[in-house]
Structures are given as structure tokens and as C-alpha cells.
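In: Coordinates only, no sequence provided:
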């Protein structure tokens, strides 16, 4: 092999190894998020009340999206409007929850 090509090939190999490691980490995170969604879906089936269900949906959304706040909104298609009826936040400064 030509010695002038060795450093670029070695560098590219290192870049590809880093990209593969990053992809594996991303896949692991996605698998955990899918497990969380499955758990929530299972809980939806056996929810003991709508209030508990809304809380679970908001908590899950906050966790998966790494968000500071979330809202649930009810859509009224006949009126062409929606109403925010549930809020959750991680920090009190985010929203007056």
C-alpha cells in the first residue's frame, strides 16, 4: 500500500468507528424510549382514571423529549378550536404549574 494514503485511511477509519459508536448509542436510547412507550400504552389500557392517564402521558412526553414543559390540548373540530387542559413542567420557572 502507498504510504501517502495510510494517514487519510486511518483517519477515515477512526471517523467511521466513532460514527458507528454514536449510532449504537442512539439505537440504545431509541430502544429505551420504545420500552417506555410500550409501558405507557399498557398503562393506558388499565388506567384507573383519566386524570392519572393524563399525568402519565405528560410525564412520558417530558421524559422522552427531554422537555421542560408539556401541555395536553383537547381539539374541538366542530368549533375549529382547541383548549389546553393539562400542563406539566420540570422546573417551576418553566411554567407556573
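Out: Okay, I see it. The structure displayed is predicted, hence computed values, not measured ones.

In: Look through the protein and tell me its longest helix.
Out: Ranked by number of residues, the top helix in the chain under DSSP state H is helix 6-45.

In: what is the mean pLDDT for that one?
Out: The predicted model assigns helix 6-45 a mean pLDDT of 81.

In: Follow the chain on from it and name the next helix or strand.
Out: helix 50-65 (DSSP states H and E).

In: Go through that next one and flag the buried ones.
Out: For helix 50-65, burial by neighbour count (16 or more other CB atoms under 10 Å) applies to 53, 57, 58, 60, 61, 62. Every C-beta, even on glycine, is put in place using the N, C-alpha and C of the backbone.

In: how near is the first one to residue 72?
Out: Looking back up the chat, that one is residue 53. Applying CB to CB, to the nearest Å, the value for residue 53 to residue 72 is 10 Å.

In: Let me see the confidence value for the residue nearest the centre of the chain.
Out: Most central in the chain under CA atoms, centre = their mean is residue 64, positioned 2.6 Å from the mean C-alpha point. Residue 64 is assigned a predicted lDDT (pLDDT) of 83.
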